[in-house]
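In: could you work out the structure for the sequence below:
(chains A and B, ligands or ions: 2)
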Amino acid sequence: MTTLSQTDSLSSGQRWLRALIEKLFGQNLAETFRQLLLPAIGIALFLGFWHLAAPQVQTSLGAFPGPADVLEQSGQLWQEHSNQRDRAAQFVTMQEERNERILAENPGAEVKIRDYPGAPTFIDQIFTSLGTVLAGFVLATIIAVPLGIIIGLNRHFSAAINPLIQIFKPVSPLAWLPLVTMVVSATYVSDDPMFEKSFLTSMITVTLCSLWPTLINTSVGVSAVNPDLLNVSKVLQLSFWTHVRKVVLPSSVPMIFTGLRVSLGIAWMVLIAAEMLAQSPGLGKFVWDEFQNGSSESLSRIMVAVLAIGFIGFLLDRIMLLIQKRVAWNE
Amino acid sequence: MSKSHLELTNVQMAFDTKDGPFVALENVDLKIRKGEFVSLIGHSGCGKSTVLNIVAGLLQATRGGCVLDGHEVNTPGPERAVVFQNHSLMPWLTVYENVELAVQQVFRKSMSRAERKEWILHNLKLVNMDHALDKRPGEISGGMAQRVGIARALAMKPSVLLMDEPFGALDALTRAHLQDSLMKIQQDLNSTVIMITHDVDEAVLLSDRIVMMTNGPAATIGEELHIELERPRNRVTLADHPEYVRYRQAVLSFLYEKQRFPGKGEDEQDKPTAEAEAASQEDSSPDVDNEHSESPVRRIA
Ligand SMILES: Nc1ncnc2c1ncn2[C@@H]1O[C@H](COP(=O)(O)OP(=O)(O)OP(=O)(O)O)[C@@H](O)[C@H]1O
Ligand SMILES: [Mg+2]
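Out: Ligands and ions are numbered 1, 2, ... in the order given. As a prediction, this is how the structure comes out:
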């Protein structure tokens, strides 16, 4: 019946299409259709367009890679990674066997196992990048949330610090990077460094660029707590800490999370740029190396990296959304 | 009993605004006995909430002050619990946790964990909300949330209960139900209550005294009406009780004849009225309504 009445009032093509699908597949399938099939159609159209357009773009490294080339290269990259793994495992077993032999002859001998010296693969670079972005993002959060709370709670403090925020917020990572590099190499000197300098440089650049949305959103959320709830807190004479913990923080959690999600997105974008520029290990370096390499496969491999970067960024946002749903009370 | 429990003396409240100070209240004097139920009534914007906030300690009077049991009120505190107009429950806490937050704070030292739990449940039972302990404010109706707000205030064992239009946003049935509960609770606990209302019936039904405020700016107390109806009161039998009708008329006459120009444009017409009323306040007896028929003010208006 509902289908009938809907077909009666065909006002747009979209409604007509939906009615048709409902008729054909029933209500449930129509929902599945909207959620899965339509995005699939979108992707298919994009791939088709890409496939047709790519050969038309000629570069000095040959034609722009189409979807098939990219798929092939991603298989290739995975293959390289597993080969590398095997070789590394072999390398270790070889050393272990050798060590055993040495120990059998001379039990007092000092033996050690060296890491496999091969270059990091694409997959290794992905994990390096993920580690760096998470470290930078966590550091940014640790700085931005408490600072944002203080700014949101105190009008004077907010007035004092606001111009600084406005000025530093739009600074591009490329501008920070040389400064951070110089400062890190000057200050972080140790014989047995816990972290690589390149890791620190990328991480700090990520932190500097990504803390602003969290900082701003936290301070806005904190200063926008419902005044009635503030009055409740006053009537109850809550101590400063209880006030922050029981009233201010929960009330601003939705805003804080919006900020965190924007921050994480920025962190991921900034990281790739920083790695490219600073030649520090990670996906950015992978892209740069391939670019310098200039083989006929380079463009396809870069394209694999581009898609991987996009997909990981999307996943990171989804993970944040899941955490937000668990933590925030208004979801 | 004659010694006043809560006393507002010569209170003036001026707000700083863009165009200089705005005097919302002027010369507000009010003495309240222990266990008395006082309603504040007056047109919108006259300064009722301001009076309540001064008693609560959320606002500081610019002149005069408020004394509770011999101590001047400067800061908010749980002995003057407030029921806010829109329940003001923490939306991220459950019904139980909302009351718990208050009980934890007030009785952290004087009650054991088990006693606190029992006390929280007791207060929620008092307002008939013990069936929804684990619901969030977003999941219950406005009337239910308001009841939790009342339970939270009662759970603080306040010496004065301050209520800012507690039933304003509710439908008539829920409102009547809550009024009855409040009357019963107030009688059982003999608590002192100041309640702001716009509803004349509510004021007459619940109060020992109705304090009527003149229109702002510089609002003050226009008339006071002692309601000497026997308790417990029953809304059905009172409906056509002659005394009840007379009290009701007195309040209506104050609101709609003497103070009938709320908000803008009242200056020329209402200022003299307000002053005349304030001046004649001293000798006006509880049965002020007798004067209305002959009120000179009325002819001016
Ligand atoms: N913080 C403030 N700054 C400036 N003016 C204020 C402030 N708070 C209240 N006022 C003014 O004081 C007057 C009294 O306000 P109040 O909120 O006490 O009125 P009310 O009687 O409670 O009104 P309603 O019945 O609508 O709640 C109003 O004219 C209002 O504009
Ligand atoms: Mg008000």
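In: quick one: the one residue in the stretch 101-250 of chain B that gets nearest to chain A and A:Leu236, what's the gap?
Out: Among the residues of the stretch 101-250 of chain B, B:Gln105 lies nearest to chain A; the distance is 4.7 Å by C-beta to the nearest C-beta. To be clear about C-beta, it is placed using only N, CA and C from the backbone, and glycine gets the same treatment. Noted for B:Gln105: a distance of 5 Å to A:Leu236, by C-beta to C-beta, to the nearest Å.
In: quick one on the thing from earlier: I'd say the residue of the stretch 101-250 of chain B closest to chain A and A:Val235 touch.
Out: No: using C-beta atoms under 8 Å, B:Gln105 makes no contact with A:Val235, being 9.6 Å away.
In: quick check: A:Ser158 touching A:Val220?
Out: No: applying C-beta under 8 Å as the test, A:Ser158 and A:Val220 come out as separate, 10.1 Å apart.
In: list residues touching both of those two?
Out: Common neighbours of A:Ser158 and A:Val220 (criterion: C-beta atoms under 8 Å, 6 or more residues apart in numbering or on different chains): A:Gly152.
In: show me what contacts A:Ala278?
Out: Counted by C-beta under 8 Å, 6+ apart, A:Ala278 has contacts A:Leu177, A:Thr181, A:Ser198, A:Thr201, A:Ser202, A:Thr205.
In: name the element the most centrally placed residue in chain B belongs to?
Out: The centroid of chain B falls nearest to B:Met195 when counting by C-alpha atoms, centre = their mean (1.4 Å). Assigned by DSSP states H and E, B:Met195 falls within strand B:192-197.
In: what's that strand packed up against?
Out: strand B:37-41, helix B:48-56, strand B:160-164 (3 or more C-beta pairs under 8 Å, 6 or more residues apart in numbering or on different chains; DSSP states H and E).
In: now chain A against chain B: closest residue?
Out: Taking C-beta to the nearest C-beta, chain A has A:Trp329 as its residue nearest chain B, at 3.6 Å.
In: confirm that that residue sits in a strand.
Out: No: judged by DSSP: H, G, I helix; E, B strand; the rest coil, A:Trp329 forms no part of a strand; its state is coil.
In: nearest spatial neighbour of it, chain-adjacent residues omitted?
Out: Leaving aside its chain neighbours, A:Trp329 sits nearest to B:Trp92 (3.6 Å; criterion: C-beta to C-beta, 6 or more residues apart in numbering or on different chains).
In: quick one: secondary structure of the one you found?
Out: Looking at B:Trp92 with three-state DSSP, the answer is coil.
In: quick one: residues contacting it.
Out: Applying C-beta under 8 Å, 6+ apart, the residues near B:Trp92 are A:Pro250, A:Ser251, A:Val253, A:Trp329, A:Asn330, B:Arg136.
In: which among those residues count as buried?
Out: A:Pro250, A:Ser251, A:Val253, B:Arg136 (16 or more other C-beta atoms under 10 Å in any protein chain shown).
In: and the helix or strand encompassing the third one, what's its mean pLDDT?
Out: Using DSSP H and E, the secondary-structure element containing A:Val253 is helix A:249-278. Helix A:249-278 shows a mean pLDDT of 92.
In: by proximity to ligand 1, which residue of the stretch 51-200 of chain A wins?
Out: Relative to ligand 1, the nearest point of the stretch 51-200 of chain A is A:Arg155 (15.4 Å; C-beta to the nearest ligand atom).
In: then the stretch 151-300 of chain A?
Out: Residue nearest to ligand 1 within the stretch 151-300 of chain A: A:Pro227 (10.3 Å; C-beta to the nearest ligand atom).
In: equivalent analysis for the stretch 101-250 of chain B, please.
Out: Closest point on the stretch 101-250 of chain B to ligand 1, by C-beta to the nearest ligand atom, is B:Gly216, at 5.1 Å.
In: that residue and B:Gly45 touch, don't they?
Out: Yes: the criterion here is C-beta under 8 Å, and B:Gly216 meets it with B:Gly45 at 6.1 Å.
In: compare those two (neighbour count), which wins?
Out: Between B:Gly216 and B:Gly45, counting by other C-beta atoms under 10 Å in any protein chain shown, B:Gly216 is the more crowded of the two (25 against 16).
In: quick one: B:Ser39 from A:Arg85, how far?
Out: Counting by C-beta to C-beta - B:Ser39 and A:Arg85 are separated by 80 Å.
In: no, scratch that, I was asking about A:Pro281
Out: A:Pro281 is 17 Å from A:Arg85, where distance means C-beta to C-beta.
In: which residue is the nearest non-sequential neighbour of B:Leu68?
Out: Closest residue to B:Leu68 apart from its sequence neighbours, by C-beta to C-beta, 6+ apart: B:Leu6 at 5.2 Å.
In: no wait, B:Met111
Out: B:Trp119 (6.5 Å).
In: and that neighbour, what is it in contact with?
Out: B:Trp119 makes contacts with B:Val103, B:Phe107, B:Met111, B:Ala155, as judged by C-beta under 8 Å, 6+ apart.
In: do A:Ser280 as well
Out: Contact analysis of A:Ser280 by C-beta under 8 Å, 6+ apart lists A:Thr132, A:Glu196, A:Ser198, A:Phe199, A:Thr201, A:Ser202, A:Ala274.
In: my guess is the last one contacts A:Ile204. True?
Out: Just to be clear, that refers to A:Ala274. No: A:Ala274 is not in contact with A:Ile204 according to C-beta under 8 Å; the separation is 9.3 Å.
In: for B:Val288, give me the pLDDT.
Out: Taking B:Val288 on its own, its pLDDT is 39.
In: ugh, wrong one, A:Pro117
Out: 76.
In: can you check my assumption that it lies in a helix?
Out: No: going by three-state DSSP, the assignment for A:Pro117 is coil, not a helix.
In: could you check how far it is from A:Asp191?
Out: According to C-beta to C-beta, A:Pro117 stands 21 Å off from A:Asp191.
In: kindly report the same for B:Ala81.
Out: Using C-beta to C-beta, we find B:Ala81 at a distance of 64 Å from A:Asp191.
In: sweet, I'm off.
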